[in-house]
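Asks: Pasting the sequence and the predicted model now:
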Amino acid sequence: MVINLSEQNSVVNQFLAELRNVDVQADSMRFRRNLERLGEVMAYEISKTLDYSTVPVETPLGIADTPIIQDELVLATILRAGLPMHQGLLNYFDDAGNAFISAYRKHHKDGSFEIKLEYVSCPDLTNKVLIMADPMLATGASMAIAIKELMEYGTPSKVHIVTAIASVQGLEHIKRNFPKAHVWLAGLDEELTAKAYIVPGLGDAGDLSYGAKLQE
């Protein structure tokens with residue numbers, strides 16, 4: 001299932017417009033905060049799909065029967081670009097487990113590349129809801145490899161993928177590899193460059209978040 005939040009007018013479009021805007025991008029703090037805010041919005045939307053159980057909550061004046069989330073969640077991201085969106089998700093799902101993956105592209109002279117994983121930290125995923133965040137879903141290769149690596153830690157009951165911008169190619173790759181996953185995105189773009197940057201996209205989310213400049 002694919003949920004494109006930009007298909008309806010909302011504040012998500014404002015956040016995404018600022019993320020794309022080259023003038024606003026000069027403020028890396030603003031860029032990180034907009035990714036974080038997208039993570040928060042998507043956490044709220046994902047919360048509507050979770051399982052709940054009703055528990056009695058004692059107030060100063062009585063008992064309020066209140067539905068609370070029953071699912072156990074694990075929030076995962078790929079370092080470093082995914083950290084702001086991960087924080088947005090964590091702001092709402094503050095008692096969730098956390099998983100982190102260090103991955104990078106190794107480019108070859110012929111223009112091809114392979115994905116290298118260097119570090120994985122993950123709790124047991126058995127029967128838990130995995131929410132995987134990465135702001136740019138370009139080819140989808142990094143995301144697919146990362147999720148498959150996390151599956152070594154157990155089989156989750158559900159998988160949610162959260163991204164700011166996806167390419168059509170990347171989205172199709174994820175749908176082929178994880179047909180039951182829910183994919184949440186704020187924008188869908190058609191084109192990829194030879195270096196696998198999304199067009200119009202926004203550039204390199206990791207560099208823009210932490211002060212470096214995109215190298216073409």
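Replies: On my side now, so go ahead. Numbers count the residues shown, from 1 in each chain.
Asks: use CA for all of it now, contacts and neighbours both
Replies: Will do.
Asks: now the most centrally placed residue in the chain, which residues is it bridged with?
Replies: By C-alpha atoms, centre = their mean, the chain has its centre lying nearest to Ala133, at 2.0 Å. Beta-bridge pairing of Ala133 under DSSP bridges involves Thr77, Val162.
Asks: Spit out the contact partners of it.
Replies: Contact partners of Ala133, counting by C-alpha atoms under 8 Å, 6 or more residues apart in numbering, are Leu75, Ala76, Thr77, Ile78, Gly82, Met85, His86, Ile161, Val162, Thr163.
Asks: what's the pLDDT at it?
Replies: On the pLDDT scale, Ala133 is placed at 97.
Asks: sorry, back to before: out of the contacts of Ala133, give me the one that has the most neighbours.
Replies: Neighbour counts for these (other C-alpha atoms under 10 Å) peak at Val162, which has 31 neighbours.
Asks: Go ahead and confirm Leu79 touches Ala99.
Replies: No: in this structure, Leu79 is not within contact of Ala99 by C-alpha atoms under 8 Å, at 10.3 Å.
Asks: Spatially nearest residue to Ile198 (excluding sequence neighbours)?
Replies: Leu192 (4.6 Å; C-alpha to C-alpha, 6 or more residues apart in numbering).
Asks: let me fix that: Asn34
Replies: Nearest-residue entry for Asn34: Phe15, 5.5 Å, with adjacent residues in sequence omitted and distances by C-alpha to C-alpha, 6+ apart.
Asks: Where does that neighbour sit, in terms of helix or strand?
Replies: Element membership for Phe15, per DSSP states H and E: helix 11-20.
Asks: Pull the residues that contact that helix.
Replies: 5-6, 24-25, 31, 34-35, 37-38, 41, 164, 186-187, 201-203.
Asks: cool, and stretch 93-107?
Replies: 43, 72-80, 90, 113-123, 142, 146.
Asks: redo that, cut-off 6 Å
Replies: Defining contact as C-alpha atoms under 6 Å, 6 or more residues apart in numbering, one finds that stretch 93-107 is touched by 73-79, 113-122.
Asks: Who are the packing partners of the helix or strand of the chain with the lowest mean pLDDT?
Replies: Within the chain, judged by mean pLDDT, DSSP states H and E, the helix or strand with the poorest mean is strand 113-121; its value is a mean of 79. For strand 113-121, the elements it packs on are strand 97-107, judged by 3 or more C-alpha pairs under 6 Å, 6 or more residues apart in numbering; DSSP states H and E.
Asks: Tell me who's in contact with Ser6.
Replies: By C-alpha under 6 Å, 6+ apart, the residues touching Ser6 are Asn13, Ala186, Gly187.
Asks: so how far is Val55 from the residue in the chain sticking out farthest from the centre?
Replies: No residue in the chain sits farther from the centre than Leu61, which is 40.7 Å out by C-alpha atoms, centre = their mean. For Leu61, the distance to Val55 equals 16 Å [C-alpha to C-alpha, to the nearest Å].
Asks: just the helices in this protein please.
Replies: 11-20, 28-47, 83-92, 141-150, 168-177, 205-210 (DSSP state H).
Asks: circling back: pick out whichever of Leu79 and Ala99 has more residues nearby.
Replies: Ala99 (21 against 15).
Asks: that older thread, to Ile68, which of the helices of the chain lies closest?
Replies: For these, the distance to Ile68 is smallest for helix 28-47, at 10.2 Å, taking C-alpha to C-alpha.
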